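Peer 1: The sequence and its predicted three-dimensional model are supplied below.
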Amino acid sequence: MRETAPAGTAAHEIADVEAAIYEHVDIEKPTKPLSHYLQAGSLLDVAGTGVTMVDPAIVERVCKGRGGFPALCRTAWRAESTRFPDGRAAYARLGILLGTRLNPLPPVGC
């Protein structure tokens, strides 16, 4: 994570983002606001969760940037599950693969 942060990013900001990334995939409800937002955004993009609670203008922006995301997500998730068969990705594999197929958002654009 630190390698991808823009030069000059404060250490505490990097730590906050790292924590959010780890926490957003936890089964428990995230405790930090950034983790909560990351989880909600990920669930919207991956499975369409909460799409009816989001402003339609935001949904439209999400759709425009999808660029084949569902298929890319499935490919990456399968690879990660294979690399780490006892990891979080493998644990959530069925849900992710199914969620990306049942997502009400179109795979590319709205």
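Peer 2: Cool, the structure landed. This one's a predicted model, so the numbers in the text were calculated from it and none came from an experiment.

Peer 1: Point out where this protein drops to low pLDDT.
Peer 2: 1, 108-110 (pLDDT under 70).

Peer 1: for this protein, what spans make up the helices?
Peer 2: Secondary structure of the chain (DSSP state H): helices at 11-24, 33-47, 56-64, 69-83, 88-91, 93-102.

Peer 1: what's in contact with the fifth one?
Peer 2: Applying CB atoms under 8 Å, 6 or more residues apart in numbering, the external contacts of helix 88-91 come out as 25, 77, 80, 81, 84, 96. C-beta coordinates here come from the backbone N, C-alpha and C atoms, glycine included.

Peer 1: Kindly recompute the last result at 10 Å.
Peer 2: Contacts with helix 88-91, where a contact means CB atoms under 10 Å, 6 or more residues apart in numbering, come from 22, 25-27, 76-85, 96.

Peer 1: for stretch 37-47, same thing?
Peer 2: With CB under 10 Å, 6+ apart as the criterion, stretch 37-47 contacts 17, 20-21, 23-26, 29-30, 32, 49-51, 53-54, 58-59, 62-63, 65-66, 69-70, 73-74, 77, 92, 95-96, 98-105.

Peer 1: Just the buried subset of the contacts of helix 88-91, please.
Peer 2: When the contacts of helix 88-91 are checked for burial by 16 or more other CB atoms under 10 Å, the buried set is 77, 80, 81, 96.

Peer 1: and the residue nearest to the last one when sequence neighbours are not counted, what is it in contact with?
Peer 2: Once its chain neighbours are removed from consideration, residue 96 has its nearest residue in residue 77; the separation is 4.9 Å (CB to CB, 6 or more residues apart in numbering). For residue 77, the contacting residues are 46, 89, 90, 92, 93, 95, 96, 97, 100, by CB under 10 Å, 6+ apart.

Peer 1: ok, 8 Å please
Peer 2: Per CB under 8 Å, 6+ apart, neighbours of residue 77: 89, 93, 96, 97.

Peer 1: Just give me the residue right at the centre of this protein.
Peer 2: Central residue of the chain (CA atoms, centre = their mean): residue 42, 3.0 Å from the mean position.

Peer 1: separation between it and residue 7?
Peer 2: Here the distance between residue 42 and residue 7 works out to 27 Å (CB to CB, to the nearest Å).
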